[in-house]
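Participant: My questions are about this predicted structure, shown below with the sequence.
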Amino acid sequence: MGQRQKIVSSADWPALFAEAKGLLDAGDSGAASRLITDIPSSLDSPETAAIRDRIYRALIPNWHYSMMNDQVRNAAFLRAFRAVGIAGKHVLEIGTGAGLLAMMLARENPASLVSCEASPVLFDMANRVIGENGLAGAVRTINKPSSALQVGVDLAQRVDVVVAEIVDSVLVGEGILPSVRDARARLLQSGGRIIPCAMTLYAAPFSSDLIYRDSFVEQNPDFKLSAFNEFASRVHRPLVFGIHPHKILGDSARLFSIDLQANDLGPFSGDAEIRITAEGPLHGYVLWFELELAPGIVVSNPPEEIYSHWGQAVSMVESGGTVKPGQIIRIGFDVGDQNFLLKP
């Protein structure tokens, strides 16, 4: 665990929280968290509880809870570990998080297991969780991003398996492409395995008055308000698509497929055609993926799946107009190291 702020008395707490709030407002949520870690939350006032919550929400979004509770995802990773064969191998996990996958890997009896985590707060908590499960001796955790790891310093040798569950609802937002690109070049043995091994992103056009009303100002009979749409998001946003009333307007399109074991993982662009099959106002595109963990072992978050912790993502169209069956629409996209942009 990291070095802790020594709390002298409860009289110091308001000042510490005020300092933590200043750090949070300045963008250093990690330092803010370390400042208040040892203040018992049971004694929070409404003001300090609000500051604590802001700090932890900045560091640990709520999807961490649904991720750990996603038993379909967890079971699929366990099947992939056993299909690849972890026993007797040297393994690196990129992104310890809460430590769940690291503990699952530890129980598969690897020759060595290193798990790295860039966030100091998550790193400390993962160590606590792993220790409480009696697995501290089986997992070596390192508080660094994988790009800072060095063979001969942090790793005794290049590893046989890299595990990188660092994907968001459009796959690339948590940096899986540069992380795996770097690991393949420096940290993985020739012929080593990567989990996941491949991933594919899909899109389909949809109509949804409710999602549209949360995205743009509609025409108003009394006032001109459309200028406010200058602030509307031009990139995708995550949501649980299936709980919103909607109508799928066309076939799904495969935007890209990536073999993480072999493909060039640099930034790229592309386009796809979508055939419209139903009439309606085109409000946007729903995005989802298939993540192949090992050959034949796939997890996915299709549009009607409401229990996947990833949810889906939507990319909205401000004035797409009405589409009709038989129309063909071409959409483009750009993929960066940590960003995805759909271009309707």
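Facilitator: Thanks, I have it.

Participant: Following the chain onward from the least confident helix or strand in the chain by mean pLDDT, which element is next?
Facilitator: Counting by mean pLDDT, DSSP states H and E, the weakest-scoring helix or strand in the chain turns out to be helix 29-36, with a mean of 88. Next helix or strand after helix 29-36 toward the C-terminus (DSSP states H and E): helix 46-59.

Participant: if you average pLDDT over that following helix, what comes out?
Facilitator: Averaged across helix 46-59, the pLDDT comes to 91.

Participant: just for the protein, where's the confidence low?
Facilitator: Applying pLDDT under 70 to the chain picks out residues 1-9.

Participant: Tell me how far the spatially most central residue of it lies from Arg237.
Facilitator: The residue lying closest to the centre of the chain (C-alpha atoms, centre = their mean) is Asp168, at 3.2 Å. For Asp168, the distance to Arg237 equals 11 Å [C-beta to C-beta, to the nearest Å]. Backbone N, C-alpha and C define where each C-beta goes, glycine included.

Participant: quick one, domains of the chain?
Facilitator: 11-59, 65-163, 198-343 (automatic domain parsing).

Participant: can I get those domains in a markdown table with distance to Val180 and mean neighbour count?
Facilitator: Below are these laid out as a markdown table (distance: least, C-beta to C-beta, whole Å; neighbours: other C-beta atoms under 10 Å):
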| stretch | distance to Val180 | mean neighbour count |
| --- | --- | --- |
| domain 11-59 | 24 | 16 |
| domain 65-163 | 7 | 18 |
| domain 198-343 | 5 | 17 |
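
Participant: of all those domains, which lies closest to Val172?
Facilitator: Within those, the stretch nearest Val172 is domain 198-343; the backing value is 5.4 Å (C-beta to C-beta).

Participant: does the nearest residue to the residue nearest to the centre of the chain once chain neighbours are set aside count as helix, strand or coil?
Facilitator: Distances taken as C-beta to C-beta, 6 or more residues apart in numbering put Glu174 closest to Asp168, at 5.2 Å, once the chain neighbours are dropped. Of the three states, Glu174 takes coil according to DSSP: H, G, I helix; E, B strand; the rest coil.

Participant: show me what contacts Glu174?
Facilitator: By C-beta atoms under 8 Å, 6 or more residues apart in numbering, Glu174 lies in contact with Gly95, Ile166, Val167, Asp168, Gln338.

Participant: isn't the fourth one right next to Gly311, touching?
Facilitator: So that's Asp168. No. The criterion here is C-beta atoms under 8 Å, and Asp168 misses it with Gly311 at 9.6 Å.

Participant: Quickly list what's touching both of the two.
Facilitator: The overlap between the contact sets of Asp168 and Gly311 (C-beta under 8 Å, 6+ apart) consists of Pro238.

Participant: if I look at the residue lying closest to Leu177 once chain neighbours are set aside, how far off is Arg184?
Facilitator: Once flanking residues are discounted, Leu177 sits nearest to Leu265: 4.6 Å by C-beta to C-beta, 6+ apart. The gap separating Leu265 from Arg184 is 8 Å, by C-beta to C-beta.

Participant: What distance do you get for Pro325 to Val317?
Facilitator: Distance of Pro325 to Val317, computed by C-beta to C-beta: 18 Å.
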